[in-house]
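Participant: Fold the following, please.
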Amino acid sequence: VPEEKQVTLARSLVGSLIYLTITRPEIRFACSKLARVVQNPTERELEAMKRVVKYLYYTRRTPLTFSKGRWLGPDGEWYE
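Facilitator: The predicted structure is shown next:
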């Protein structure tokens with residue numbers, strides 16, 4: 001059973017990561033997987049959360065680029 005402190009940290013971190021998916025859609029899959037275990041995170045899952053934060057840190061200056069004439073809609077589909 002994880003400590004209450006770890007559960008609170010995991011819940012807060014995953015909530016923040018989900019909020020970031022608005023501008024960083026490439027982390028949606030990881031966030032959806034992590035959100036499933038937020039109530040009972042293991043050490044492995046806490047490490048995965050830290051890894052997503054590290055990824056965001058090291059790619060913070062990498063722009064999100066799209067092909068000319070195409071755009072990503074709010075439903076996650078590509079449109080011409």
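
Participant: need the helices for this structure, in chain order.
Facilitator: Counting by DSSP state H, the segments of the chain that form helices are 4-20, 28-35, 43-58.

Participant: Report pLDDT for the residue nearest to Pro41 when sequence neighbours are not counted.
Facilitator: Counting by CB to CB, 6 or more residues apart in numbering, the nearest residue to Pro41 once its immediate chain neighbours are dropped is Ala10, at 4.4 Å. The way it works is simple: take the backbone N, C-alpha and C, and place the C-beta from them, glycine included. Among the per-residue scores, Ala10 shows a pLDDT of 92.

Participant: what does Leu34 give?
Facilitator: pLDDT, Leu34: 94.

Participant: try Tyr79
Facilitator: Listed pLDDT for Tyr79 reads 73.

Participant: Tell me how many other residues surround it.
Facilitator: The tally of other residues near Tyr79 (other CB atoms under 10 Å) stands at 9.

Participant: how near is it to Val37?
Facilitator: In this structure, Tyr79 and Val37 are separated by 34 Å, where distance is defined by CB to CB, to the nearest Å.

Participant: the bottom helix or strand of this structure by mean pLDDT?
Facilitator: The helix or strand of the chain with the lowest confidence, counting by mean pLDDT, DSSP states H and E, is strand 71-72 at a mean of 70.

Participant: Show me the shaky parts of the protein.
Facilitator: Filtered on pLDDT under 70, the chain yields the residue ranges 1-2, 63, 65-69, 71, 74.

Participant: mind running it again at 90?
Facilitator: Across the chain, the stretches falling below the confidence threshold (pLDDT under 90) are 1-7, 22-26, 39-42, 59-80.

Participant: Thanks a lot, see you next time.
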